[in-house]
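Undergrad: My questions concern the predicted model and sequence given below.
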Amino acid sequence: MKNYQHLLKDLKRASERARVKINPDQKLSLCMIVRNEEKYLADALKSVQDVVDEMIVVDTGSTDRTVEIAREYGAKVFFYEWNDDFSAARNESLKHATGDWILQMDADERLDDSLKENLRVFLVPSDRAIRYQVFIRNYMSEGDASSILGHYMVRLFRKTPDTTFFGVIHEQIFPNTGIITIPPESLFLWHLGYENLEAKSKKINERNIPLIRKALENAEKINNMDLYSFYAFYLGSSLTDAKEANKWLKIAIDSFPNPDEAAHIPVAYVDYLRTFYYMHDLEGGIAAAKEALEKSPEMRKYPDFWDFYGILELSLRHPDKAIHCFEEALRFSNSEQDQSVFYAARNSKIGGWGTYLNLAMAYSAKQDQAKTEEFLNLALEGYPGQDKEKLLQEVYSALGETTLVEAYLEKRLMQEKDVNQYDLKNLSNLYLRQEKPFEALMLQTRVHGPEKTIESAFDLGRIYEMSGRRELALKTYSGILNLQPENFKALLQKTILEWIDQQLENFDDAHFEQLSQACKQAEDWLLLGEFCLQVDALERAANAFKEVLTQEPGHYQAQLHVALLAQLQENPDVAEKLLQELHETHPERPEALLQLGNLYLASQRFAEAENIFQQGQEKDPKNWYLPYALGVSFSGQGRLSDAEKQLQKALELSPEQAEVKQFIELIQAAQTEQVTG
């Protein structure tokens, strides 16, 4: 039977493109330049295919499926040889566009579904060169709403005979008159290209920075200081070396004739302040902030400038000055702003939850508990998304505050009709941070249920024991018993820890009687028997394993332990017989075979041990213990060279095994003695 799904897909696309459009007499062309964008391109084209009248895609050298995807969506594809000039490629796309209007997009951008109808509203008939600034929402970290950073760029414009792009990188539209800003609530684009910051940084270093330097040279040659300042700003903002970035940002600021007339200068000043912070020159940063306000009074309108100015003051332990700065950031973020093409503080952090957190830190430095709590709560409430874990980490590192966060989360959980699992998780983690494992366990049962919670609790208890925190391990095991009183494993671990804390020499009859009475299932008796082996209570261990085998006669692990007991009680023949029978009954399981090999080693029956461990190695070639045991077997037979080879193999499989390294050294020393002797 043939599959016609691809035909249905084509039919759906055709119907979407055929929908009645607003302002149908105004033809809209999508213009894109692409190269190896198979990851992003389909979603970009899908987001606009029913809005635009034609899609122009200029490919600059793709080696993946980019061109094929573009054609699948009905785009007109043209080819242009890349020459390190973004404007030239953009102008090539304009050359092929037949529309009255141009929508410029990159492959990693999307038009929001809810705003599709709005886009064509702006296509008003006119002979003028209208340029619309569109808000771009940048995801700086994949799926993290708190990382969204916004800025404006001209992306929708009327095509006139003299419309062109200029600049080899960070290209601009010319003529740049008639610019109108569209409010974000009316139209915006999503940009995903910053999600992979490592790849983005590599692209900046390998491609962008050389092009920016080239643009700088060209601007200097034609003595265009506006452009020179513009590209100096982009170079400084792209460099990772703080000292070098500081130099170029200063050049950008000083070389522009009138800073209040340049949209990029305020952002340059903000980045300039950051370089002082990373250079650990806080006083220099404060001086630069004061200079900015003196040279460019317009700087006072920028919330991101005030926010970072406040961080510098707070870092110098000037909480009152920092509070003034953060309050200014809030004031101007809530006032009407000029819609600058470079204004990048339009996110929920600057002038929002991030500034509230900074105010909480400043008031904490003043030891003003009430104000600290007020602004911390505002930060927590304003943080986007349900999971506030990232913000809480900032709170812990900045304020060391746990009690206020605990009260906030507990209050939210009490008020919520539907339990927020993120709040439960964060409060549980906070309890663990405060060394309250019992409270954390009680909370986790509301999310995961008792079984999964108990499993996690045992892991936590072992971690506490390994780190020497027995009192916390005791609390954890007590918490498990509170959830499940019949849990023998928790009772056993709790009893052992209490015995250790009481520093008793021997596990007395009362302890054994208490544990024996608590045993209900075969697995309980098995745990008790294994513990008895550890404390050399061999008769009690034998009784425990007998109980296991009474309940489950074929219990493999219990039979292994019975064989071990026979060996410990100096009955090697009995142990050997039991292990041979167990291996014959369960040939698929290796434990009996390995235990038999160890029995032969203990009895110095090295040739028989060799045979056993070779069988094991054939079944499990990646188990480091098998070549180690073979090395011991060969050593016992005087075959030192063979022993060393096997031990080296064991070390390759598990390099951290110290006993293997020590044994190799002993073998090598013995071989040296043979030669010299």
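TA: Nice, thanks for sending it over.

Undergrad: Least confident secondary structure element in the chain?
TA: When the helices and strands of the chain are scored by mean pLDDT, DSSP states H and E, helix 5-17 comes last with a mean of 50.

Undergrad: next structured bit after that helix?
TA: Using DSSP states H and E, the next helix or strand after helix 5-17 towards the C-terminus is strand 28-34.

Undergrad: Please pull up the helix or strand immediately following that following strand.
TA: Sequence order places helix 41-48 as the next helix or strand after strand 28-34, per DSSP H and E.

Undergrad: residues of that following helix that come out buried?
TA: Buried residues in helix 41-48, counted by 16 or more other Cβ atoms under 10 Å: 41-42, 44-45, 47-48. Backbone N, C-alpha and C define where each C-beta goes, glycine included.

Undergrad: Which residues does it contact?
TA: 30, 32, 34, 55, 66, 69-70, 72-73, 75, 103, 105-113, 116 (Cβ atoms under 8 Å, 6 or more residues apart in numbering).

Undergrad: cool, and stretch 605-612?
TA: 593-594, 596-598, 600-601, 629-630, 632-634, 636-637.

Undergrad: how about it: buried residues?
TA: Residues of stretch 605-612 classed as buried: 605-606, 608-610, 612 (neighbour count, 16+ other Cβ under 10 Å).

Undergrad: which pair in those spans the largest distance?
TA: The distance between the two most remote of the buried residues of stretch 605-612 (Cβ to Cβ) is 10.6 Å, for 606 and 612.

Undergrad: pLDDT below threshold where in the stretch 551-677 of the chain?
TA: Scanning the stretch 551-677 of the chain for pLDDT under 70 picks out 674-677.

Undergrad: ranges for the helices of it?
TA: Taking DSSP state H, counting those that start in this stretch to define them, one finds helices in the stretch 551-677 of the chain at 556-568, 572-585, 591-602, 606-619, 625-636, 640-653, 658-676.

Undergrad: could these be laid out in TSV, adding distance to residue 465?
TA: Below are the helices of the stretch 551-677 of the chain laid out as TSV (distance: least, Cβ to Cβ, whole Å):
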stretch	distance to residue 465
helix 556-568	23
helix 572-585	31
helix 591-602	25
helix 606-619	32
helix 625-636	25
helix 640-653	28
helix 658-676	22
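
Undergrad: looking at those, which is closest to residue 223?
TA: Relative to residue 223, the nearest member of these by Cβ to Cβ is helix 640-653, separated by 66.6 Å.

Undergrad: Same question for stretch 303-315: list its buried residues.
TA: 303-314.

Undergrad: Which members of these occur in strands, if any?
TA: Residues of those located in strands (DSSP state E): none.

Undergrad: can those residues go into CSV with extra columns for distance to residue 659 and pLDDT?
TA: CSV is the format used below for the buried residues of stretch 303-315 (distance: Cβ to Cβ, whole Å; pLDDT from 0 to 100):
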residue, distance to residue 659, pLDDT
303, 62, 88
304, 59, 87
305, 62, 91
306, 63, 93
307, 58, 93
308, 56, 92
309, 60, 95
310, 58, 95
311, 53, 94
312, 56, 95
313, 58, 96
314, 54, 95
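
Undergrad: Tell me the one among those nearest to residue 622.
TA: Checking the buried residues of stretch 303-315 against residue 622 with Cβ to Cβ, the nearest one is residue 311 at 52.4 Å.

Undergrad: what about that closest one, distance to residue 180?
TA: Look at residue 311 and residue 180: by Cβ to Cβ, to the nearest Å, they are 34 Å apart.

Undergrad: And residue 165, by the same measure?
TA: From residue 165 across to residue 180, the span is 19 Å (Cβ to Cβ).

Undergrad: and if you look at residue 400?
TA: Counting by Cβ to Cβ, the gap from residue 400 to residue 180 is 48 Å.

Undergrad: ok, back up a step: out of the buried residues of stretch 303-315, which are inside helices?
TA: 303-314 (DSSP state H).

Undergrad: that older thread, go through the helices of the stretch 551-677 of the chain and pick out the most buried.
TA: Across the helices of the stretch 551-677 of the chain, averaging neighbours per residue (mean count of other Cβ atoms under 10 Å) puts helix 625-636 on top, at a mean of 23.

Undergrad: now what about stretch 227-239, what contacts it?
TA: Stretch 227-239 is contacted from outside by 167, 169-170, 204, 208-209, 212-213, 215-216, 218-220, 245-249, 251-253, 255-256, 262, 264-265, 267-268, 271-272, 275, using Cβ under 8 Å, 6+ apart.

Undergrad: Compare residue 165 and residue 180 (neighbour count), which wins?
TA: Ranked by neighbour count (other Cβ atoms under 10 Å), residue 165 and residue 180 place residue 165 first, with 19 against 13.

Undergrad: That concludes my questions; thank you for your assistance.
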